[in-house]
Structure formats: C-alpha cells, structure tokens
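> no FASTA, just this:
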Ligand SMILES: Nc1ncnc2c1ncn2[C@@H]1O[C@H](COP(=O)(O)OP(=O)(O)O)[C@@H](O)[C@H]1O
Ligand SMILES: [Mg+2]
C-alpha cells in the first residue's frame, strides 16, 4: 500500500495524554487559589436558587486571572444544583469581545432562550425596543432566575456605550414571571469610569477583584493541569517553576503559563524527546513572542516601518540610546532608498511615540543638563526576531531599504 504522508506523523508518540486539557478553552473542575472569589460570587448567586434576585456584580482583574474560568465553573454548579432542587436558574453567558453592540447582545440573549429556528430574532433590522420586548417575553415564559453574564464587558462599553447596561439592569421592572441579575466581567480596572453614575451604582452593587497570580500560585495551577494532560515523569525538574516565573513577570497570567507549558511540550515532542526541559521552555517563549510580535511588525504602515528600520539599523551598527535626530538622519536615507518623500522631524517624532506605545521600541526622555532634553531610543524586539526580514516579506517596498548602505553618524 502506498504510504500516506500522515502515517509517520500519526505514529510518533506524544508526551501529551490529552492536549485539550492544556488549552484555555478547557474549564477545570478545580480552581486553586480562587476560593475566596468563588465563595463571594457563590454567596450572592445562591439567592437565585431560592427564587430571589441576586445582586448585580462586577468582576475585575487582569487577563489570565481566572475570571472566565471561575464564572463558567460557578454557572455549571448553579445549573446542576438548580436541577437537583427543581428550580429554574438560567445562566446566560456571552463574550462581548465578539458580540459588541446593544442590538447583538439582546438578540443573542433572546435567541439563546429559544430552540425553534423559525422564531429566531434576526441579526439586524428590528428596532431595539422590539428585540428587548421579545427577550423579556421569553425570559418570562421560562420563569425562574436568569443570571446574565457579560464577559469582557469593557469592550462593549468602550465601543457602544452603556445603554445596554442601563436597560439590562432595569429588566426586573419589566419582568412579571421571572427575575434577573447582571454580572459584568472586565479586564480593565478603570472601566466604570466609562459608565453613567446611575448605571455604575446599579451594576456595581458588589465588586469582586481577582488579584494577579503569584509565581507559586501558577506553579500549583500548572501542576494540576499537567498531571492530567501530560505523561507522568515527562516534565523535568524546574520546568513548571520556569514557566510560572516567566508568566508571573507578565502580570501573573495563567493563560501565558499554560501556553508556555503546552508549547514546551510540543517542542519536546517535535524533537522526539522523552523529557520536557528548560531548554524547551526557552524555545517556547521565543515562539510565543515571535507569534505575538510578527503580525504587529508586518502590519505597520509603510512610514512606520521606515522609522522602525531606522532605529534597528543604528543598533545593528552598535549604536544604542540613540536620539531622535539620529533616527531622523537614518530615516531620510531610508526614504531615499525606498523612493518616497520624507516626513518632517516632528511627524517622525510622533511615529516614534507610536512605536513606543506598541512596545516595539522604548523612547525615554532624558535630561542633558544645559543641553536640554532629548530622547534615548532603543529597540525592544527580542534578538531572536529578525524584524527586517519580517518587514521585507510583508512589504516589497522595504526590499531596497533593507539592501541599502546607510551612512550612520559615528560617536567617535
Ligand atoms: N485557579 C485556576 N486553576 C486552574 N486553571 C486556571 C485557574 N485560573 C485560570 N486558569 C486557567 O487559565 C486560563 C486563563 O484563565 P481565564 O479564566 O480565561 O482568565 P481571564 O478570564 O481572567 O482572562 C484558562 O485556561 C483557565 O482555565
Ligand atoms: Mg476572560
């Protein structure tokens, strides 16, 4: 029989027992170091099981602090208990990163209460009042207590304002046979600044803050996930500690920690190694960084690419802490190679600030005594990422620039 190209890939053994268990989408049934948060939320939502209205809540915390995992876990438990007690409790969870207008949220909520396709609310076209009325009717028809969870709500509020929250926190006035409460989850601690004070006081009856995980917390989380997801004894001593320490540096992000462990194990698998070692973690970190930064560099507008290249070419020639003027000199040459007109130094200063905001360079203002103030500009792109190559591949116009012979100022 002719060999299929997938045969050899299928045959290779893997250190994973079940890779899915190491992905973000998996909801673990144990969440270490989140007991007090689970208790506060549970203490409030138990009211739903008694047929009362729970307080509205806002859950805050940096990304990867376990907010989504905790709320999904609690909702599962709530539904299970409701069934056991023969009480109608209905969590309606949706993510406002994708569903980010009032109309779409209301339609989505309404549609999740109905099975019959014919009855679905269309994605656009109805007046908002009509969608709202339909939602109220369906909630009443089902009865019980509806817990509306709006995850990543900061996206929706920044994009579409707080009308939706105003309306949803007022639902109980319209409901006759059912009750409801709203739980908003935000990655941004300042999100209530965007809310009308009335909405803020109605929504924030109870706040729960998810503090960032410490390295030791992340170690426990990774150990628990690796025990079920990765073969026994496949992880070298120090690997979990390294993944946790690296993720703790980045605001204690459990998602980053899981990514590091999963990609490290993939790296070990690819090598046919039977042990995941610290070396694999370093490789994983490089890959994750590269996957994150590459699209940012590739999609920069052309003039921004020229400015970034002007910083990099100075560094390549051993010049660090360069001033705006030095970047500008290189930039003008880059424009000549590219055959485009150059912008004023003022505009280039703005572009430098943009690159700083994107985290690709750092531009610190320093005081030079009687010579006034100037900038010290350095690249922040990890050495393993070849930015000039990314720019050249993404934009043909960069080819003559990358091939150009720059005359740089010497400091000697
Ligand atoms: N205490 C925990 N125990 C186990 N896994 C966790 C814990 N906290 C977070 N995670 C996992 O980390 C990842 C990121 O968590 P998530 O809940 O999505 O964070 P957030 O919503 O705060 O950004 C998910 O895969 C989640 O399962
Ligand atoms: Mg989340």
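That came through, no problem. Keep in mind that what you see is a predicted model, and the values were worked out from it rather than measured. Ligands and ions are numbered 1, 2, ... in the order given.
> Quick check: residue 100 touching residue 157?
No. The criterion here is CB atoms under 8 Å, and residue 100 misses it with residue 157 at 9.5 Å. Backbone N, C-alpha and C define where each C-beta goes, glycine included.
> Comparing those two, which residue is more hemmed in?
Set residue 100 next to residue 157 and count neighbours by other CB atoms under 10 Å: residue 157 wins out with 24 against 18.
> Give me the spatial nearest neighbour of the more buried one, chain neighbours excluded.
residue 194 (5.0 Å; CB to CB, 6 or more residues apart in numbering).
> do the same with residue 192
residue 200 (5.0 Å).
> Quickly find the element holding that neighbour.
Residue 200 belongs to helix 197-203 when assigned by DSSP states H and E.
> what kind of secondary structure is residue 388 in?
helix (DSSP: H, G, I helix; E, B strand; the rest coil).
> The one 4 residues further on now?
At residue 392, secondary structure determined by three-state DSSP is helix.
> Offset the numbering so it begins at 3, please.
That works, and once the first residue is 3, the last one we named lands at residue 394.
> Let me see the confidence value for it.
We have a pLDDT of 95 for residue 394.
> Contact partners for it?
Listed by CB atoms under 8 Å, 6 or more residues apart in numbering, the contact set of residue 394 reads 400-401, 404.
> hmm, back to that, wait, doesn't the residue nearest to residue 194 sit right on residue 196?
No. With contact defined as CB under 8 Å, residue 202 does not reach residue 196; the gap is 9.2 Å.
> quick revisit: please, a PyMOL command that selects the buried ones among the contacts of residue 394?
Selecting only the buried entries of the contacts of residue 394 in PyMOL, with 16 or more other CB atoms under 10 Å as the criterion:
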select buried, resi 400
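> And the contacts of residue 394, which is closest to ligand 1?
residue 400 (35.6 Å; CB to the nearest ligand atom).
> doesn't that closest one fall inside a helix?
Yes. Residue 400: assigned to a helix according to three-state DSSP.
> wait, it sits on residue 393?
Yes. Using CB under 8 Å, residue 400 is in contact with residue 393, at 4.6 Å.
> Could you tell me which residues touch both of these two?
307, 311.
> Relative to ligand 1, how far out is the residue most central in space within the chain?
In the chain, the residue lying closest to the centroid (CA atoms, centre = their mean) is residue 65, at 6.0 Å. Separation of residue 65 from ligand 1 (CB to the nearest ligand atom, to the nearest Å): 4 Å.
> can I assume that residue is in contact with residue 254?
No. Counting by CB under 8 Å, residue 254 is not a contact partner of residue 65; they are 10.0 Å apart.
> list the contacts for whichever residue of the chain sits closest to ligand 1?
Closest contact between the chain and ligand 1, by CB to the nearest ligand atom, is at residue 68 (2.8 Å). Going by CB under 8 Å, 6+ apart, residue 68 touches 33, 36, 39, 212, 215, 256.
> Could you rank the residues you listed by neighbour count and give me the top one?
residue 215 (27 neighbours).
> So which residues of the stretch 203-352 of the chain form helices?
For the stretch 203-352 of the chain, the helices defined by DSSP state H, counting those that start in this stretch occupy 217-231, 241-251, 256-273, 280-300, 304-318, 326-340, 347-359.
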